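Colleague: got a structure for you, letters missing:
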């Protein structure tokens, strides 16, 4: 009989551990609902608010963020209010950055037919949007939330940008699945990267948490698909083009072009 | 106080830009709801309609598509109706293609235990399903919708097939995460590809929008995981097998076998 | 007129095939709802049950699983009850394994700030959680469900672990997108793998369904990003470190360090 | 143990009876969803459709009705299509009647501050709206649906109008709870009735199904709260006013005023 | 500024009182969801379970009830399990009673066209269904739940039957709005009552909680609309017919016919 | 063919009238969602907020109200903020009044077993709760919203209390279905009324909008079921008891007891 499963010991463990964990953790559901509302407010593709309602919709989004923070942080209320105010003060700037990102993607990708199409359908644009929001929260020292928000975008797009990375404007991602941009990466203006690019660490160890472990990519660089660039001292000089499927652990001068020169073995056989 | 954030300037910008954008953009929610309904109609795994209801469920799906198109296109009603009619006229053919795709995956993959299992759980099959639907809409000159639909599947599967690509029947994808099939790719019959394969462009520039930028893959080709094939003039001849992690920018004769011959450095050290 | 589309023939085919398919297939919606409930029960981040309610919530989850199994399997009721009992009897053990997985990720990743953060936001942890659940169902000979559950996690994380793979405790995945761990893979204790790693088969053919086609990875191994290891006879000896973007089809001794030695062509050009 | 309840015999009965019942019964959920959509289309108080979308929203509502009818009636498709067409052809006329009803309520009720307020908040107006829709379906010989729709309004308002009743335009109901208007009632133009009024039958017996059992109320009559008027031959002549809490089983001449003359016993006591 | 409202004192009160109340109170949402599921299981009008799923659906409903009881009662687990078992053991008997109720309504009401129509659309039948469920829970000494369930039906139908009332089989209610059947009412077999009938107490005082305060109605009685019968010693003898709008505080012999003989004042005036 | 229905003329009318109506009307959905949240905040029976979250939940409710008002009123922002602040400043007082109402119902009704039971299951308590909220909004001159809120409670309980009525504390309603309390009614402290009581107007005419049309009921009065009291000059003196089914249009001295003395005709017949 199925109900005879012996789960008493598990239940007793869960009752003990859950309360502590829950007090220190934001609700994923509430976090992603807040994010969805915010993005839909900036780039709606469905029902618009009435003209008079714009301000209120944004105010509500502010309260939602404030409530989220209150739900898992110690109630040092003043500081939370300051963080929320600062975040929304910077929203206009984030919006302008994102418009520049969208325009760059449109101007670059031959497959894009309008800026609107980029906004509603490009996962790269979505990932950048969430990054710029998460990064601002990180700069304001908000714990956990930036990461939950980033992983939500990661789940939807396959693009994994750590909220602490530094990324200039505009920034372009195409296709995007498999991209990893590590915590201490620094990316300049007008950089383009393609699916599967990793900007990662040479070594991973807890003791390195405070060290710059990920590369620096200067302005106007293009990095094609599936290329891996590793190391905190690795600098890709400005105006460089890094070809696809390259594996780089050393710096590259400005204006370089780096290509893969795999040797392949080809056999022509008779068909069976 | 959190509500003191100064957002007036942002609000005034959004009020101006939203209306124009919104008129020219389909609702993502309505688009994906239409797609979900259509796929569930073809391959239900939950409540079946009553026998008499089949026709009505499909009619409703037609109206939903028609309404979607009306919501963001200029009201040249007659043409929209023709597009919708043509799309549903071709649905039986799409269904037969998809059954062949599912059977091929089942017959090929040692891990597949039934065709039903392929239909309900293989992301590759899901991506192909959405591609065949999106591609038909593209051929009917429907703007934006095919791309939204494709990116929805991309988000769920990590498989990015441009709706304008041309793909024969049957087609097999396994695992699939990271696959990119570009806009002008042409794939023959009975081709199999694995996770991380890119069929991409050598260069990306807006001016190339009308040029064939992506490869041609002839009948009966297998391309193993993480291989990259680039260029509009690159042709993989029929019956060829391209091994994993290969990087190809030139054509390959029919019946070829192409393998990776990386040289690795191996050090055997004492354990710490 | 849109409704003039000729769909009679399609409708008649669907009416015939749906009933048979539907009887033999679990509802994806019900399956994923059951899984969501179970994971939320083990690691809640939202409303907690009242203390007295814990047992009941778990009992309900049991009934849901039993109902799922009854919905598509032949009604050999007794066996289903045994499977369900056995599964829930092993849940405490799964929970302990997962806590060890979470702790390892936290201790290893410099970007992780608490075990809680790992639990609520790391896709690697989510994928391992679903794998341990799916694997137990597979060991109990449950058909289809383990695969649906695995592909649900695959869709959310880009991490594709076959439920029949064997994976020791603890296990660490970071970033994760693009990872593929094949059906007959065997992984020891304390192994770490990064995004884009494939543990795959050298060849794919239906006739190989009963053969070990995927590698063995011994204890304490680290495999960095985008590395591909293929073949059922390939063994990565304990304590080895396999660098990123490596392509391996042969065994490696214990305590080895394996690195990529790609040769690149670098051109320094004048900026345009 | 709770699961030991012996329910086998019940289950076996339900399995037998359900299928037959279900084939002959519309889904309450789908029926009320259709009705909600239709009323919201006529009198929206939330998101408006885009201008181009109006026609499509209505077309979808038509398909929903057609599907509802197909779901429980024998598939004599042509007739169903005729019924649906006829219903929507009459929708403009229903809309004009309802605007007159709303205006009358507004002009009559001292508590009403605008016609809009009547439309969004008066249960009497809601009940009349549903009646006019249900009555049209009844006239078109649609079985069951009119009654489900009427009882839905009854549940929300406490106003029970049989869909077969005949009611002129305009018609006013205020407060409304407890009103019963029987199947063969005939009500003229410009009639007002208040809460708790019953227009009922003197006797109830199955054999009377084809007989006029309920009263006739001529033009310009007012019937105040809690009055009961019974009998198929009872006629309230035009321009009459029937006071509150009256019990009438006989006809009343035109231009009559009918009042209650209860005798009460009043005791004035000392307070405790 | 709206957020300046001074609510600190209220918040501090609520924080204090909520926890205690919440521990002793079942969730209304969960209670009504359980009830909806149970009724839909007995009388489905939408998706049927698969044949094999019937038992599981019922088992799940049992667990839901058990969880509800656990959520607000002291954890004397064994007794709760007995109550649940006993309730489901009696479900077949409740189902048979309800079928008789539905048949009686159909055979009596000239407006009813089928038993199915009664089941899906008659509020009287719905109220009786909920009463028979609530009454069984009351007999099993379950606190609060029966009342929540009864008031849910009251809200939907305007029919207020106290769960402790005793009502024979079959029982017929037509229209129903405004009916009140008090806690200590006893009703025999084959009784019919109409809208607005009150079976109430002559006096209301807390000290009377244990006294029979409401009437007894013997077999085969009909009570027409808006009639009020008061008092714990008032007995309506078998086979009697009580007309509409009657006010009774004394017993009536078997086989009686009781009618209202209001005197009305009628004035015929000239129209304005 | 169903889509041939000619609806062009209707569509063109709706497109014209909807925009104007919609601008001046609050969304019913948003209004009732706000109310549900507010009541659940005061009297939760499901998930409690965390301790720190109380303030935020209430703040969010404030923003929701502010947004509602902005959505249909002219944007004289300052005044709206004042109204909202004033409303929430008075919420503690409303809460205390409601606790007194609940205690009175519990102490009075022999069927009530705890104050909690009253709060979660008594429709009378629910109607009073909504009245006290709606009345405060009315006093603050908020248009339309109080009425929508009142009719929402009316729909759920059958109790129709105009938000402009004046009602002292505590106030008791039992059963309640069919109660109507008109706009200019004045009710003192500690009054009890039962189902079907109307406190109404003798005449209804638009010209009377500013006149006191409904009765005054002084302190400590009890009015039993189905009694009707009409007229703006009618005063029920303090400490009086008005029996059931009484029809009153004149004032009654303090300390009176008023009873119904219907004469009935009783016939005892032989059973058929």
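Modeller: Yep, it's here. Keep in mind that what you see is a predicted model, and the values were worked out from it rather than measured.
Colleague: check whether the helix or strand bottoming out on mean pLDDT in chain A contacts chain B.
Modeller: Lowest by mean pLDDT, DSSP states H and E among the helices and strands of chain A is strand A:264-268, with a mean of 72. Yes. Strand A:264-268 reaches chain B (Cβ under 8 Å from any Cβ of the partner chain) through A:264, A:265, A:266, A:267, A:268. From N, CA and C alone the C-beta is placed, and that goes for glycine too.
Colleague: Tell me if I'm right that residue A:258 and residue A:250 touch.
Modeller: No. Look at residue A:258 against residue A:250 with Cβ atoms under 8 Å: they stay out of range, at 10.3 Å.
Colleague: So which of these two has more stuff around it?
Modeller: Using other Cβ atoms under 10 Å in any protein chain shown, the more surrounded residue of residue A:258 and residue A:250 is residue A:258, with 21 against 12.
Colleague: Three-state assignment for that one, please.
Modeller: Three-state assignment for residue A:258 (DSSP: H, G, I helix; E, B strand; the rest coil): strand.
Colleague: Could you measure from it over to chain B?
Modeller: Noted for residue A:258: a distance of 13 Å to chain B, by Cβ to the nearest Cβ, to the nearest Å.
Colleague: what's near enough to touch that residue?
Modeller: The contact partners of residue A:258, taken as Cβ atoms under 8 Å, 6 or more residues apart in numbering or on different chains, are A:240, A:241, A:242, A:243, A:246, A:248, A:252, C:264, C:265, C:266, C:267.
Colleague: at 6 Å what do you get?
Modeller: A:242, A:243, A:246, A:252, C:264, C:266 (Cβ atoms under 6 Å, 6 or more residues apart in numbering or on different chains).
Colleague: those strands in the stretch 101-250 of chain A, which residues are they?
Modeller: Using DSSP state E, counting those that start in this stretch, the strands of the stretch 101-250 of chain A run over A:160-161, A:166-167, A:171-174, A:180-181, A:186-187, A:191-194, A:198-200, A:216-217, A:222-223, A:228-230, A:235-236, A:241-242, A:247-248.
Colleague: Please name whichever of the ones you listed is nearest to chain F.
Modeller: strand A:160-161 (29.1 Å; Cβ to the nearest Cβ).
Colleague: What strands flank the closest one, and is each parallel or antiparallel?
Modeller: Here strand A:160-161 is paired, per DSSP bridges, with strand A:180-181 (parallel).
Colleague: contact partners of the partner strand?
Modeller: Contacting residues not belonging to strand A:180-181 are listed as A:160, A:161, A:165, A:198, A:199, C:175, C:195 [Cβ under 6 Å, 6+ apart].
Colleague: For the closest residue to the last one other than its chain neighbours, list the residues it contacts.
Modeller: Once flanking residues are discounted, residue C:195 sits nearest to residue C:175: 3.8 Å by Cβ to Cβ, 6 or more residues apart in numbering or on different chains. Neighbour list for residue C:175: A:160, A:180, C:195 [criterion: Cβ under 6 Å, 6+ apart].
Colleague: and these as a markdown table, adding distance to residue E:222?
Modeller: Formatted as a markdown table, the contacts of residue C:175 follow (distance: Cβ to Cβ, whole Å):
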| residue | distance to residue E:222 |
| --- | --- |
| A:160 | 74 |
| A:180 | 78 |
| C:195 | 77 |
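Colleague: residue boundaries of the helices in the stretch 1-150 of chain A?
Modeller: Applying DSSP state H, counting those that start in this stretch to the stretch 1-150 of chain A gives helices spanning A:8-23, A:28-42, A:54-72, A:77-89, A:91-108, A:115-121, A:123-139, A:145-157.
Colleague: how about the ones you listed in a markdown table, adding mean pLDDT and mean neighbour count?
Modeller: Putting those into a markdown table (pLDDT from 0 to 100; neighbours: other Cβ atoms under 10 Å in any protein chain shown) gives the following:
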| stretch | mean pLDDT | mean neighbour count |
| --- | --- | --- |
| helix A:8-23 | 85 | 15 |
| helix A:28-42 | 96 | 18 |
| helix A:54-72 | 92 | 23 |
| helix A:77-89 | 87 | 18 |
| helix A:91-108 | 95 | 19 |
| helix A:115-121 | 92 | 22 |
| helix A:123-139 | 97 | 23 |
| helix A:145-157 | 96 | 24 |
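Colleague: would TSV of those with distance to chain B be doable?
Modeller: Listed next are those as TSV, based on distance: least, Cβ to the nearest Cβ, whole Å:
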stretch	distance to chain B
helix A:8-23	22
helix A:28-42	7
helix A:54-72	5
helix A:77-89	3
helix A:91-108	4
helix A:115-121	5
helix A:123-139	6
helix A:145-157	5
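Colleague: Mind checking those helices for the one nearest to chain F?
Modeller: The minimum distance between chain F and these falls on helix A:54-72, with 3.4 Å, by Cβ to the nearest Cβ.
Colleague: Distance of residue A:202 relative to residue C:225?
Modeller: Taking Cβ to Cβ, to the nearest Å as the measure, residue A:202 falls 11 Å from residue C:225.
Colleague: swap that for residue A:69, please
Modeller: Distance of residue A:69 to residue C:225, given as Cβ to Cβ: 34 Å.
Colleague: go on, residue A:218?
Modeller: 23 Å.
Colleague: So between these two, which is more surrounded?
Modeller: Comparing residue A:218 with residue C:225 by other Cβ under 10 Å, the one with more neighbours is residue C:225, at 27 against 20.
Colleague: so that one makes contact with residue C:198?
Modeller: No. The pair residue C:225 / residue C:198 is not scored as a contact, 11.1 Å apart, by Cβ atoms under 6 Å.
Colleague: which residues touch the least confident helix or strand of chain A?
Modeller: B:253, B:255, B:256, B:257, B:258, B:259, B:261.
Colleague: Now the stretch 1-150 of chain A against chain C: closest residue?
Modeller: At 3.4 Å from chain C, residue A:5 is the closest residue in the stretch 1-150 of chain A, using Cβ to the nearest Cβ.
Colleague: Could you find the closest non-adjacent residue to that residue?
Modeller: Distances taken as Cβ to Cβ, 6+ apart put residue C:88 closest to residue A:5, at 3.4 Å, once the chain neighbours are dropped.
Colleague: and that neighbour, what does it touch?
Modeller: A:5, A:7, C:62.
Colleague: And the second one, how close does it get to chain E?
Modeller: In other words, residue A:7. Distance from residue A:7 to chain E, by Cβ to the nearest Cβ: 14 Å.
Colleague: which ones are touching that residue?
Modeller: Residues in contact with residue A:7 (Cβ under 6 Å, 6+ apart) are C:58, C:88.
Colleague: Whichever residue of the stretch 1-150 of chain A sits closest to chain D: what's it in contact with?
Modeller: Residue nearest to chain D within the stretch 1-150 of chain A (Cβ to the nearest Cβ): residue A:47, separated by 4.4 Å. Each residue near residue A:47 by Cβ under 6 Å, 6+ apart is listed here: residue D:47.
Colleague: per-domain residue ranges of chain A.
Modeller: Listed domain ranges for chain A are A:18-158, A:165-272 (source: automatic domain parsing).
Colleague: what's the closest of these to residue E:81?
Modeller: domain A:18-158 (24.8 Å; Cβ to Cβ).
Colleague: how far out from the middle of the chain is the closest one?
Modeller: From the chain centre to the centre of domain A:18-158 is a distance of 11 Å (Cα atoms, centre = their mean, to the nearest Å).
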